[in-house]
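Student: A predicted structure for the sequence below; I have some questions about it.
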Amino acid sequence: MRALKMNTTANGPWLITPVVRDKDFLDMKDLFIEFATAIDFELDYQQLLRESASIKETYKMPKGVGFLLKTNNETIGCVALRKVNYNTVEVRKFYVRPSTAFQRWSKKLLEVAIDWANQSNYKKMRVESASAYPSLKKVFAEADFREKLVRDENTSEFVKVMEKALVSVPEYFEL
């Protein structure tokens, strides 16, 4: 896979790339752990360590995909998506290091995730409302994600999610 987005801003050059190499998975894992240890509630560290150990299997195509956001050769954010079913993809992890440019970086990372889901012909993208912190909920809401209840496929219980209907826009098509 190639880099999906590249640009230069006042903060310097930035790049969003798919997670494909072992080093990419390690960078994504480090950001997951950084986020998990920075939040202000008790964690199940055993679950965190299990998930971190299987990150490559969990977010490698075709089950999932990840993207890294880099600026000035430093990885500052990531998004990890996981296939729910043939129609739906779920944002399982989303983290951008806190900064004054948090909203801007988060929007750019979410744009790439939405573009990827559209080109992969998913009909819906969702994120569990409970897993999105308030500033991130704002980013999702601005991208037209709407809250709703859906049945969890593993437990059959209803969970609150933010969901966006997608329009397939294949990169190539036959005339």
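Tutor: Thanks, I have it. Just so it is clear, the model here is predicted, and its values are computed rather than measured.
Student: Please make it C-alpha for all contacts and neighbour counts, starting now.
Tutor: OK.
Student: where does the chain have low pLDDT?
Tutor: Flagging of the chain using pLDDT under 70 yields the residue ranges 1-12, 39-53, 168-175.
Student: now the helices for it?
Tutor: 22-38, 45-53, 55-58, 102-119, 134-142 (DSSP state H).
Student: Quick one: closest of the ones you listed to V91.
Tutor: The closest of the helices of the chain to V91 is helix 102-119. By CA to CA, the value is 8.6 Å.
Student: gap between that closest one and the chain center?
Tutor: Centroid displacement of helix 102-119 relative to its chain, using CA atoms, centre = their mean, to the nearest Å, is 8 Å.
Student: Which residues does stretch 86-101 contact?
Tutor: Applying CA atoms under 8 Å, 6 or more residues apart in numbering, the contact partners of stretch 86-101 are 31-32, 35, 76-84, 102, 105-106, 117, 121-128.
Student: now what about stretch 63-73, what contacts it?
Tutor: Against stretch 63-73 from outside (CA under 8 Å, 6+ apart): 11-19, 24, 28, 58-60, 75-83, 105, 109, 113.
Student: how about the helices of the chain in CSV, adding distance to G66 and mean neighbour count?
Tutor: What follows is the helices of the chain, written out as CSV (distance: least, CA to CA, whole Å; neighbours: other CA atoms under 10 Å):
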stretch, distance to G66, mean neighbour count
helix 22-38, 8, 17
helix 45-53, 14, 13
helix 55-58, 10, 18
helix 102-119, 8, 18
helix 134-142, 17, 15
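Student: Mind putting those helices into a markdown table with distance to T88?
Tutor: Output for the helices of the chain, formatted as a markdown table (distance: least, CA to CA, whole Å):
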| stretch | distance to T88 |
| --- | --- |
| helix 22-38 | 22 |
| helix 45-53 | 21 |
| helix 55-58 | 16 |
| helix 102-119 | 9 |
| helix 134-142 | 16 |
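Student: Between the ones you listed, which one is closest to D152.
Tutor: With CA to CA, the closest approach to D152 among the helices of the chain belongs to helix 55-58: 18.3 Å.
Student: Which neighbouring elements make contact with that closest one?
Tutor: Packing partners of helix 55-58 (3 or more CA pairs under 8 Å, 6 or more residues apart in numbering; DSSP states H and E): helix 22-38.
Student: Done for today, thanks.
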